[in-house]
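Enquirer: kindly generate the corresponding structure for this input.
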Amino acid sequence: MNHFATALGLILGLVVGLIAAATDIGILDRFAEGVAPFGTLFINAIRMVVIPLVVTTIFVGVARLGNPKTVGKLGGSALGFFWGTTIPAIIIGMGFMKIALGFWPASVQAATTGDVPPEVPGLLDFFLRLIPPNPFAAASDGALLPLIVFSLLAAAAAGALAVDRRERLITLAEDISAMFVKLIDWILWTAPVGVFGLTVPVMARMGLGLLAGLAVFIATVIVGLFVFMALFYIPLVRFVGKKPVGEFVRGVIGSYTIGFSTTSSVASLPVIFEDAENLDVSPPVASLVLSLGTAINRAGSALFQGAAVVFLAAISGVTISGSSLIAAGIVGFLVAMSVAPVPSASIVTLAPILEAAGVPLTGLGILLGIDRIPDMFRSATNTTGHVACAVVVEGLVGGKVTAADEAAVERLSG
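Expert: Residues are numbered from 1 along each chain as shown. This is a model prediction of the structure:
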């Protein structure tokens, strides 16, 4: 995705929409209505790919773990760290955004016919719908949460199969996932036009309130990411990993900087390995934990997505109920750990989270236009989390690696 062109599309959309909102020029109002279909097409194209992309990436990630009994201490400790930090990250993102919007309320756009969110089920219905009687019907209806549950169960069953059968299924799912990654990469190249088509009509309805809201959103996400690292990564490294705070902070400067500049955990992997080695993480621990973390550790992305759900609900005038928050949190937890390797994937994979919460998807294009800034901070948080996890796991099981753990390292990192 061309971030410069996408940002330019956002800026042009904001300018044209602001002029339309501030004047009574009829031709601008008609222009705002005329470009709206481009935004609709862009959102539809993203929704078209999201279901198969999320399903295949979740399947690959879970199935590759194999039988949970054979993962060993290293994999179990690493997964415990990932899961144990992703959940509070989502809570911090949602909570901080609610607090921020309490001080600086976001302007609410007038709802259009296409923006009306679906009816959100009650708590009992929500749990009953987790298991789909027909997963194909769930996919056809766009019901992501039951489809994700089905994918998790199918992946767990695949992980318990014989190695040759499991690898064939994983290879097929990886190939399908790669195909959809390429497709969504093509779609994202149309983002400048799509973002323009989404921004102009929204800005025409909301005026300067949208600009103020975006500034609050970016600032809140950045603050939330630093608070999250201070509350979770630092104490875990200090008290579980037995590593002095100053030494750890100095040791992850390289990982944070490279993650910040490249917005990619994969591109940062060589530096992450080097920083882990300098922090006295043993090779078996580093090989498994860092490879696994690069694939599924996305606490920074989870925090961003939690904040985005609350923000987009606010500007859409949607009140998120308790069952909606539970649904969004569960989907966010699962999706954050299977974010596909595509530009701005945290926004692309927001679609199932928003649908679970009953929030319209029209705000996705607007977030795409300003995503470069929060993307740098959340990617840097993710890379820092990889190293923090390695230090914590080293503190838990370092020097106690068994033959089974060595086999798990070879399988999961290979």
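
Enquirer: which residues of the stretch 51-200 of the chain fall in helices?
Expert: Here the stretch 51-200 of the chain has its helices, by DSSP state H, counting those that start in this stretch, at 72-103, 123-128, 135-141, 144-159, 163-188, 191-206.

Enquirer: could you check how far the fourth one is from the centre of its chain?
Expert: It refers to helix 144-159. Centroid separation between helix 144-159 and its chain, computed with Cα atoms, centre = their mean, to the nearest Å, is 18 Å.

Enquirer: buried residues in it, which are they?
Expert: Within helix 144-159, the residues that qualify as buried are 144-152, 154-155, 158-159, counting by 16 or more other Cβ atoms under 10 Å. Every C-beta, even on glycine, is put in place using the N, C-alpha and C of the backbone.

Enquirer: in this protein, where is pLDDT below threshold?
Expert: 1-3, 61, 65-72, 107-127, 129, 142-145, 206-207, 266-267, 337-344, 398-414 (pLDDT under 70).

Enquirer: in a markdown table: the buried residues of helix 144-159, plus distance to residue 296.
Expert: Shown next, in a markdown table, are the buried residues of helix 144-159 (distance: Cβ to Cβ, whole Å):
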| residue | distance to residue 296 |
| --- | --- |
| 144 | 18 |
| 145 | 19 |
| 146 | 21 |
| 147 | 19 |
| 148 | 14 |
| 149 | 17 |
| 150 | 19 |
| 151 | 14 |
| 152 | 13 |
| 154 | 17 |
| 155 | 12 |
| 158 | 16 |
| 159 | 14 |
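
Enquirer: and of these, the nearest to residue 203?
Expert: residue 144 (29.0 Å; Cβ to Cβ).

Enquirer: give me the element the closest residue to residue 369 other than its chain neighbours is part of.
Expert: Nearest in space to residue 369, with sequence neighbours left out and distances taken as Cβ to Cβ, 6 or more residues apart in numbering, is residue 10 at 2.7 Å. Using DSSP states H and E, the secondary-structure element containing residue 10 is helix 3-22.

Enquirer: who touches that helix?
Expert: 25, 28-29, 31-32, 191-208, 210-211, 343, 366, 368-372 (Cβ atoms under 8 Å, 6 or more residues apart in numbering).

Enquirer: quick revisit: for residue 234, find the nearest of the helices of the stretch 51-200 of the chain.
Expert: Among the helices of the stretch 51-200 of the chain, helix 72-103 sits nearest to residue 234 (Cβ to Cβ), with 11.8 Å.

Enquirer: quick one: buried residues of the closest one?
Expert: Neighbour-count burial for helix 72-103 flags 72-79, 81-82, 85-94, 96-98, 100-101 (criterion: 16+ other Cβ under 10 Å).

Enquirer: do stretch 306-325 as well
Expert: Neighbour counts using 16+ other Cβ under 10 Å place 306-316, 318, 320-321, 323-325 of stretch 306-325 among the buried residues.

Enquirer: in helices only, show me those.
Expert: Members of these lying in helices (criterion: DSSP state H): 306-316, 323-325.

Enquirer: returning to that earlier point: out of the buried residues of helix 144-159, which comes closest to residue 351?
Expert: Within those, the smallest distance to residue 351 is 7.8 Å, found for residue 144 (Cβ to Cβ).

Enquirer: could you verify my assumption that residue 320 touches residue 354?
Expert: No: applying Cβ atoms under 8 Å, one finds residue 320 not in contact with residue 354, separated by 10.5 Å.

Enquirer: what's the overlap in contacts for the two?
Expert: Common contacts of residue 320 and residue 354 (Cβ under 8 Å, 6+ apart): 309, 328.

Enquirer: quick one: closest of the helices of the stretch 51-200 of the chain to residue 46.
Expert: helix 163-188 (6.3 Å).

Enquirer: so which elements touch that closest one?
Expert: Secondary-structure packing of helix 163-188 (3 or more Cβ pairs under 8 Å, 6 or more residues apart in numbering; DSSP states H and E): helix 26-63, helix 144-159.

Enquirer: so what's residue 380 up against?
Expert: Residues in contact with residue 380 (Cβ under 8 Å, 6+ apart) are 256, 257, 259, 260, 300.

Enquirer: switch the cut-off to 10 Å
Expert: Neighbouring residues of residue 380 by Cβ atoms under 10 Å, 6 or more residues apart in numbering: 225, 229, 252, 255-263, 265, 268, 300.

Enquirer: same question for residue 78.
Expert: Taking Cβ under 10 Å, 6+ apart as the test, what residue 78 contacts is 71-72, 285, 288-293, 296-297, 386, 389-390, 392-393, 396-397, 412.

Enquirer: hmm, back to that, list the buried ones in the helix holding residue 10?
Expert: Within helix 3-22, the residues that qualify as buried by neighbour count (16+ other Cβ under 10 Å) are 3, 6-7, 9-10, 12-14, 16-18, 20-21.

Enquirer: and those, which is closest to residue 247?
Expert: Nearest to residue 247, judged by Cβ to Cβ, of these is residue 3 at 34.8 Å.

Enquirer: hang on, the earlier thing: quick one: which of the contacts of residue 380 has the most company?
Expert: residue 300 (32 neighbours; other Cβ atoms under 10 Å).

Enquirer: could you check the angle the host helix or strand of that one makes with helix 72-103?
Expert: Element membership for residue 300 (DSSP H and E) is helix 299-316. Orientation check (axes from the mean of the first three to the mean of the last three Cα atoms, to 10 degrees): helix 299-316 against helix 72-103 gives 30 degrees.

Enquirer: angle of helix 299-316 against helix 191-206?
Expert: Using the same axes, to 10 degrees: helix 299-316 against helix 191-206 is 40 degrees.

Enquirer: who does helix 299-316 touch, helix- and strand-wise?
Expert: helix 72-103, helix 191-206, helix 208-228, helix 322-336, helix 345-348, helix 350-357, helix 364-369, helix 372-397 (3 or more Cβ pairs under 10 Å, 6 or more residues apart in numbering; DSSP states H and E).

Enquirer: ok, which of these comes nearest residue 276?
Expert: helix 372-397 (4.6 Å).

Enquirer: from memory residue 308 sits against residue 335, does it?
Expert: No: Residue 308 lies out of contact with residue 335 (Cβ atoms under 10 Å); the separation is 11.9 Å.
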